Each structure stands twice: as C-alpha cells, then as structure tokens.
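> Just to be clear, the model below is a prediction. Sequence and coordinates:
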Amino acid sequence: MTKIQVDGEPYVDVLPAAVLRVVVAAMDSALDEQLREVWPAIVRSGKVETRPYKKEEQEIATDVDPHRVLVPLSRLGAAQGYSGAKVFVGYFADKKNRYLPSRPLVVKVGTWAELDEELHRARAWPPHAQGENSSFAWPWKLYPIPAAISEPHEAVLIANFTSIDSLDMVPTRYDLRIEDLWKQLTGSDSSADLARTLRSVYELIHGVHRHGKVVCERRTFVYGDLYDRYLRRLTKERRQIPVRLFGDQPTTQLYGRSWPNPLCTVDALLRLTCEGAIGPTHGDLHPKNVVLDKSGRPRIIDFGWATPSSHVVVDYVLMELNLRAVTLTPHVPATSTMALARMLSTDDPSPNADDECRWRSDLVRNGIWKSLKDADIIRDWEREYLVPMLIVAFGLLWFLDSAKSQHSLMLTVLCLTERLQKIVTKTPILEPAT
C-alpha cells in the first residue's frame, strides 16, 4: 500500500517544538502502520478480478491533501488525570474537504517509565470474552523522545480513540468535544440516567473480570498483597501525613467526637486474609476514564493500573469513592455529608435532606451496588467490599487537598473505620496461604 505524505506541522502552544516533532512523527507512523484502521476513508476499493485478494495491495486516494490536527484534551472539556501526562486528541483531515477525516487518535506525552508500564499492562489484558473489544481504548505503540530534548526521559503513546461517536463530524473535520462521566457528575445536569450508564460500564467490565469463565474465580489473598499500591505509601514512608490527620493513638478526635484511628485500623487490616473474586482488573476505573458516545454508551480508557489478576472489587470501589467524595461539591451541608458517609450497605438509610447527596446515594445503590449484585461476586459484604473501600479511601487521602469535598472523604474513611472495628478485633477466619 502506498504511504501517504503529510506536510507541515500543527501548532500546539503547550508543547516545545522539539517534542511536537516527535508527536508528529508518532502520528505519521501510526498512519503508515495502521492506515486502514486510522484513515479508512482514503483507502480505495480493491480489484475484484485480482486473485488472491490482498488487503495490503489496496491503494489510497491520490488526490488527498492531508494535514494534521492536534488539540489538548483539557481544551475539549475533559479534565486531565493525576498521572502528569499531557493528553491530546489528534486526527488527519483533507485540506480540500473532499474526504472524511481519519479516526481520531489519543496522544499521550509523559515519562517513558509510566507510559511503557501502561502499554505493557494493556497488552497483558485479555480480550473481552463477548467481543466488546471496541469499548476499550488500548494503546498501540510507544515512541521515545530523545533524552537531549526532554528530561526526565519522556515518550509519546498512541492509542485509537474508540469513542468516535462522541466527536461530531461536520463532515470533513471534527467538532471536538468530549463527554465523559466526570463532566456529567460535576456538571449542572444531573438528570442524565447515570445509574444506567454505570450499569453499562460494569456489564462491560464484568466480561473481563470473569476472564472467559461463567463466574469469577475465587481465591484467598492477604489484603496487603493486593492493595498495597492503593495506599500510596501512606502507611510507610509517607506515614507522617495520616499521623498529622489522625494522630498515632488508638482513637482520634474529629468532628466533635471520638473515632477509632483509621491508621491503626488499616495497619491491622493489611495483615488479614480474605476470600474474594479474582480476575483481570482495570485498576483505575473512575469517572475520568469513562468516555461516553452520543447515545451514552461507555468507552474505557487509560490502562496504566491494569493487571491480569487482582481483586475485581477494586474496579467498583474506586468509582464509588469518586461518587462519594472526589466529585462531590464542597457546599453540601455537613449533615448530608455525614448521612452519605454512613450509608455503607443496603440496610443503611439514604440521605434525605440535600439533593446532591440524595441522587449520589441513588447512583451508589442503583448503579454500583446493583451491578455488584447482578455480577454475583460478593459473599461477605464487609470483608470483600467495605475493607477494600477503606484501604483505597485511606490511600486517596494523599490527594486530600485536591478533592472537591475534603470533609466527605475524611468522613467516609472515619465511618468505614468505625464499621469495621469488629473485623480487626477478631481472629481472621481464613489463614494466609503458605
């Protein structure tokens, strides 16, 4: 197949010129290597009389005059994550407006170590057992940025933007706008059926969790072995942070009353064992990593924390904590925040005063908890779900300053700690595997 020549470079003010040239080379390489997937509109029909038919012998349009378009994701309305990577949406278009644009690409610029880890983890993930692979934006290839250009050593990661329907084609370019779950949770329109969206997310992800089996495999594990990375070293070299928040005594005084110290509780829980559902996990499934198309269908992105075998509950816990605290607006009354933090099972009452806390509690119940029930992966609610939620919530205290509702995150940690005291005071039912 003839290679396509693209002249000129896009201008992006947030990238140095030398880095931009590497981004351009990465886009061009993706176009050369995956032309049928990247820009199918300019691939011409093959000749029926030629046998055997070979896809690589198809020609491309000779009258196309291509140029590159590159736009920072943050300018499309989607918030950047915590990884520090710069994320862009890029595509190719015909200057003469005769051909439809290429499919969009996700372009990430970040440290080589982090992007190489994301690519490795994505490649280790299994295919979806029911053929829904197009709902996951797996990266294609990593391109190094020469060390002389950037320090620390950086790279460019290219992935297919699978949710093409979320970009309006008009008709020879894209009206670039991104709709994701984060925008819906933090925007003024709470009328969207977010519970149904969440259930759709977990219908997708459960197909991976089962790893091709009818039900998820169950296995005994030590909490500290599978959840240590979610603590973000807050029980180790960063221990001074929770000590400043809660002290180092068995109890702590906060919000006008005494609580069990979450630091002491987490220390004890990490040594206990649990039997739970094990399978491939996304590992970082939160609202910024769920992109929606025009019909509200979810697409999963960013595989930097994916793993082929872990406790699948983590993909539910992270989303719930984002609903409870990370995306909750700070003006919510303290009584409503407390009521939401105390709602830790279906037997607990929902908040009945503040509108935002009420509809978020409905999302937790009808979106996340209902998906868990439908997936049938929980046998012991406290050990299999609430303990992981406390450990992950405790680790999110590392981001306390950037949480939209600091009080909600703190209260969630405190209420979970109080609920789980009976577990840390008992001998674990299961002994660690030898």
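All right, it came through fine.
> From residue 41, how far out is residue 103?
Going from residue 103 to residue 41 by C-beta to C-beta, to the nearest Å gives 9 Å. Backbone N, C-alpha and C define where each C-beta goes, glycine included.
> which of the two has more neighbours?
Of the pair residue 103 and residue 41, residue 103 is the one with more neighbours under other C-beta atoms under 10 Å, namely 19 against 16.
> host element of residue 211?
Following DSSP states H and E, there is no helix or strand that holds residue 211.
> That one contacts residue 279, correct?
Yes - counting by C-beta atoms under 8 Å, residue 279 is a contact partner of residue 211 at 4.8 Å.
> what sits in contact with each of these two?
residue 217 (C-beta atoms under 8 Å, 6 or more residues apart in numbering).
> Have a look at these two and say which one is more surrounded.
Ranked by neighbour count (other C-beta under 10 Å), residue 211 and residue 279 place residue 279 first, with 25 against 16.
> I believe residue 157 is in a strand; please confirm or correct that.
Yes - assessed by DSSP: H, G, I helix; E, B strand; the rest coil, residue 157 belongs to a strand.
> if I pick it, what's in contact with it?
107-108, 110, 115, 118-119, 139, 141-143.
> Could you identify the most distant pair in the residues you listed?
With C-beta to C-beta as the measure, no two of the contacts of residue 157 lie farther apart than 110 and 141, at 14.5 Å.
> Neighbour count: these two, which is higher?
Taking neighbours as other C-beta under 10 Å, residue 110 and residue 141 compare with residue 110 leading, 20 against 14.
> ok, what's across the strand from that one?
For residue 110, the beta-bridge partners under DSSP bridges are residue 155.
> quick one, helices of the stretch 101-250 of the chain?
Secondary structure of the stretch 101-250 of the chain (DSSP state H, counting those that start in this stretch): helices located at 112-124, 181-186, 194-209, 223-227, 240-246.
> related to what we said a few turns ago, which of the contacts of residue 157 ranks first by neighbour count?
Greatest neighbour count in the contacts of residue 157, by other C-beta under 10 Å, goes to residue 107: 27 neighbours.
> Now do the contacts for the residue nearest to that residue when sequence neighbours are not counted.
Beyond its immediate neighbours in the sequence, the residue positioned closest to residue 107 (C-beta to C-beta, 6 or more residues apart in numbering) is residue 88, lying 4.3 Å away. Applying C-beta under 8 Å, 6+ apart to residue 88 gives the contacts 12, 23, 70-73, 106-109.
> Residue 88: what secondary structure?
Under three-state DSSP, residue 88 falls in the strand class.
> Pull up the per-residue confidence for it.
pLDDT for residue 88: 85.
> do the same with residue 310
For residue 310, the model assigns a pLDDT of 96.
> Just confirm it contacts residue 278, I think it does.
Yes - if you go by C-beta under 8 Å, residue 310 and residue 278 touch, sitting 6.9 Å apart.
> So between the two, which is more surrounded?
Neighbour count, other C-beta under 10 Å: between residue 310 and residue 278, residue 310 has more, with 24 against 21.
> so which strand or helix has the more buried one?
Counting by DSSP H and E, residue 310 is part of strand 307-311.
> what packs against that strand?
With contacts taken as 3 or more C-beta pairs under 8 Å, 6 or more residues apart in numbering; DSSP states H and E, strand 307-311 sits against helix 112-124, helix 223-227, strand 273-281.
> For residue 193, which of the ones you listed is the nearest?
Comparing those against residue 193 with C-beta to C-beta, the closest turns out to be strand 273-281 (25.8 Å).
> and the angle from that closest one to strand 307-311?
150 degrees (axes from the mean of the first three to the mean of the last three C-alpha atoms, to 10 degrees).
> what comes up buried for the following helix or strand past strand 273-281?
Downstream of strand 273-281, the first helix or strand assigned by DSSP H and E is strand 290-292. Using 16 or more other C-beta atoms under 10 Å as the burial criterion, the residues of strand 290-292 that qualify are 290-292.
> Stretch 347-363 too?
Buried-residue list, stretch 347-363, by 16+ other C-beta under 10 Å: 350-351, 354, 356-361, 363.
> now do stretch 239-250
Buried positions in stretch 239-250, judged by neighbour count with 16+ other C-beta under 10 Å: 242, 245-246.
> any idea which of those is closest to residue 216?
Lowest distance from residue 216 to these (C-beta to C-beta) belongs to residue 242, with 32.2 Å.
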